[in-house]
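Student: A structural model of the following input is requested.
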Amino acid sequence: MANRKRNIQMKFWVTEEEKRLIDEKMSQLPTKRYGAYLRKMAIDGYIIQVDTTDIREMTKALGSIGRNINQIARRVNAGGPAYQADMEEIRERLEQIWQLQRRILLSQR
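Tutor: Got it, this is the predicted structure:
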């Protein structure tokens, strides 16, 4: 072992599904050796990390506006008045959603 170029062994466990996915990806390449494939992916592969902060903000705003619309709809369906302040709040929330959406789309460029 002392004369080996690669003298450190690494081991890890995978599920059957993970093994199937590794085999599937490996079949697209000319190599048939797991060691060569996994070493190449570990060293040269890349990880995509997506920041979903804006999307979470938009989802929260959509939930809030949805609750407000439901409250207004219940009141109107029960014969009550629809208040101008309610409608204005919905418009403001919609504007927030549009701003978030524009920010998300611009960050994707």
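Student: how far is the helix or strand that contains residue 41 from where the chain is centred?
Tutor: Taking DSSP states H and E as the definition, one finds residue 41 inside helix 34-44. Its chain's C-alpha centre lies 26 Å from the corresponding centre of helix 34-44 when counted by C-alpha atoms, centre = their mean, to the nearest Å.
Student: got the domain ranges for this structure?
Tutor: Under the assignment named as automatic domain parsing, the residue ranges that make up the domains of the chain are 8-47, 53-107.
Student: who does the lowest-mean-pLDDT helix or strand in the chain touch, helix- and strand-wise?
Tutor: When each helix and strand of the chain is scored by mean pLDDT, DSSP states H and E, helix 84-107 comes last, with a mean of 80. The elements that helix 84-107 packs onto, with contact taken as 3 or more C-beta pairs under 8 Å, 6 or more residues apart in numbering; DSSP states H and E, are helix 53-77. Just so you know, the C-beta spots here come from the backbone N, C-alpha and C atoms, and that holds for glycine as well.
Student: what average pLDDT does the helix it packs on get?
Tutor: Computed over helix 53-77, the mean pLDDT rounds to 83.
Student: contact partners of that helix?
Tutor: Where contact means C-beta atoms under 8 Å, 6 or more residues apart in numbering, the residues beyond helix 53-77 that reach it are 81-83, 86-87, 89-90, 93-94, 96-97, 100-101, 103-104, 107.
Student: what's the angle from it to helix 84-107?
Tutor: For helix 53-77 against helix 84-107, the angle between stretch directions is 160 degrees (axes from the mean of the first three to the mean of the last three C-alpha atoms, to 10 degrees).
Student: just the buried positions in helix 53-77, please.
Tutor: Along helix 53-77, the positions that meet the burial threshold by neighbour count (16 or more other C-beta atoms under 10 Å) are 54, 57, 58, 61, 65, 72.
Student: any idea how far residue 30 is from the second one?
Tutor: With distances defined as C-beta to C-beta, to the nearest Å, the gap from residue 57 to residue 30 amounts to 45 Å.
Student: do you know the pLDDT at residue 5?
Tutor: At residue 5, the pLDDT value in this model is 91.
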